[in-house]
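# here's my sequence, what's the structure:
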Amino acid sequence: MRHRRGKLSASTDPNYESRIQAALVDIANGTCKNITVAARVHEVARQTLKDRSKGQHMSCKDVAKSPQLLQPSEEEATIKDWPVHESGAACPVHPRDLRAQAKEISGKLPDSPVMTSGSSLVTRSISTGLQFEFGSASIPAVLSYDEVMNGDREDLWKNIQLHYSQNEKLFEMYWMQSARLAAVEAHCALVSYQILMLNERLTNKTQKKRQKSKKLNARFFTYPEFKAASEAEKIERIEK
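The predicted model follows:
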């Protein structure tokens, strides 16, 4: 029996999926004692059958039934949470990336006059996202002395609760901005450290290495030894 390649067979053999299902049934009811035997009997790829039995693999038809399309509410949540996620991962969002993300989702670039530049786009996106999540960030209006003294007790209590909720929202927005700023500072610190290491490596490569001094094994002759050696060489040359 020839070897079956799962991906190729699934695209060229119309009965491949039915054989996969039959093999799964035989494994479940015990007709085939294991995956290897079932793959050999039904002529399917063993790895594909194993992944299908564990739920780690789907047919092309099943995958096409559930395309990964976002609903409008999910798109809005994605484009709002994306800058927060990138900032938390010490990867601040660049204005052009945010514009490209908006164009990819909506099909057009932001045409508002306020959002023509990249920096204003980021500012408006952050403020709009925070306002959508925490509500308006307007300064709370404080009641006057006469309004407090002449007001109803229930209305005063509602006003106090309103001020408390507005202050709580402002504090949450402040801590979120502080977290984003800390993420940006961490990213800058990492980049500075990488630049420092690269400069140090470049300096080590360009700097000339010192040559170590070599020891010379020299033997010095005295004059009597040199004279005796010369005479011996002269006598040997005459004898030859």
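
# could you chop this structure up by domain?
6-65, 72-185 (automatic domain parsing).

# tell me the contacts of residue 23?
Applying C-beta atoms under 8 Å, 6 or more residues apart in numbering, we find residue 23 in contact with 32, 38-39, 41-42, 44, 49. (Glycine included, C-beta is placed from N, CA and C.)

# how about a cut-off of 10 Å?
Going by C-beta atoms under 10 Å, 6 or more residues apart in numbering, residue 23 touches 31-32, 35, 37-44, 46, 48-49, 52-53.

# rank the domains of the chain by pLDDT, which is bottom?
Lowest mean pLDDT within the domains of the chain: domain 72-185, a mean of 64.

# that older thread, buried subset of the contacts of residue 23?
Taking 16 or more other C-beta atoms under 10 Å as the criterion, what is buried in the contacts of residue 23 is 32, 35, 38-39, 42-44, 46, 48-49, 52-53.

# give me the subset of those residues lying in helices.
Under the assignment DSSP state H, these contribute 35, 38-39, 42, 46, 48-49, 52-53 to helices.

# burial measure for residue 180, as a count.
Residue 180 is flanked by 18 other residues according to other C-beta atoms under 10 Å.

# measure residue 159 to residue 168 for me?
Remark: distance between residue 159 and residue 168 (C-beta to C-beta, to the nearest Å) = 15 Å.

# neighbour count winner among those two?
The neighbour comparison of residue 159 against residue 168 (other C-beta under 10 Å) goes to residue 159, with 17 against 11.

# any idea how far that one is from residue 170?
For residue 159 relative to residue 170 (C-beta to C-beta), the value is 17 Å.

# what's the local residue count around residue 179?
13.

# now do the SS call for it.
Taken by DSSP: H, G, I helix; E, B strand; the rest coil, the conformation at residue 179 corresponds to helix.

# strands of this structure, residue ranges please.
Taking DSSP state E, the chain contains no strands at all.

# count the neighbours of residue 169 for me.
Neighbour count for residue 169, taken as other C-beta under 10 Å: 17.

# between the buried ones among the contacts of residue 23, which is nearest residue 81?
Among the buried ones among the contacts of residue 23, residue 52 lies closest to residue 81 (C-beta to C-beta), at 34.0 Å.

# and that closest one, what does it touch?
Applying C-beta under 10 Å, 6+ apart, the residues near residue 52 are 6, 17, 20-21, 23-24, 27, 35, 44-45, 58-59.

# gap between the closest residue to residue 35 other than its chain neighbours and residue 59?
Of all residues not flanking residue 35 in the chain, residue 50 sits nearest, at 5.2 Å (C-beta to C-beta, 6 or more residues apart in numbering). Distance from residue 50 to residue 59, counting by C-beta to C-beta: 15 Å.

# ok, residue 189 next?
49 Å.

# of those two, who's got more company?
Taking other C-beta under 10 Å, residue 189 and residue 59 do not tie; residue 59 has more neighbours (15 against 11).

# just to check, that one is in contact with residue 19?
No. When contacts are counted by C-beta atoms under 10 Å, residue 59 is not listed as touching residue 19 (11.9 Å).

# and the helices in this protein?
Assigned helices in the chain, in chain order: 6-12, 16-29, 35-42, 46-54, 60-65, 72-88, 95-106, 118-134, 145-150, 153-206, 223-239 (criterion: DSSP H).

# of all the ones in helices among the buried ones among the contacts of residue 23, which comes closest to residue 195?
For these, the closest approach to residue 195 (C-beta to C-beta) belongs to residue 48, at 48.5 Å.

# just the pLDDT for residue 68.
Residue 68 carries a pLDDT value of 56.

# next one: phi and psi at residue 45?
Main-chain dihedrals, residue 45, degrees, to the nearest 10: phi -70, psi 130.
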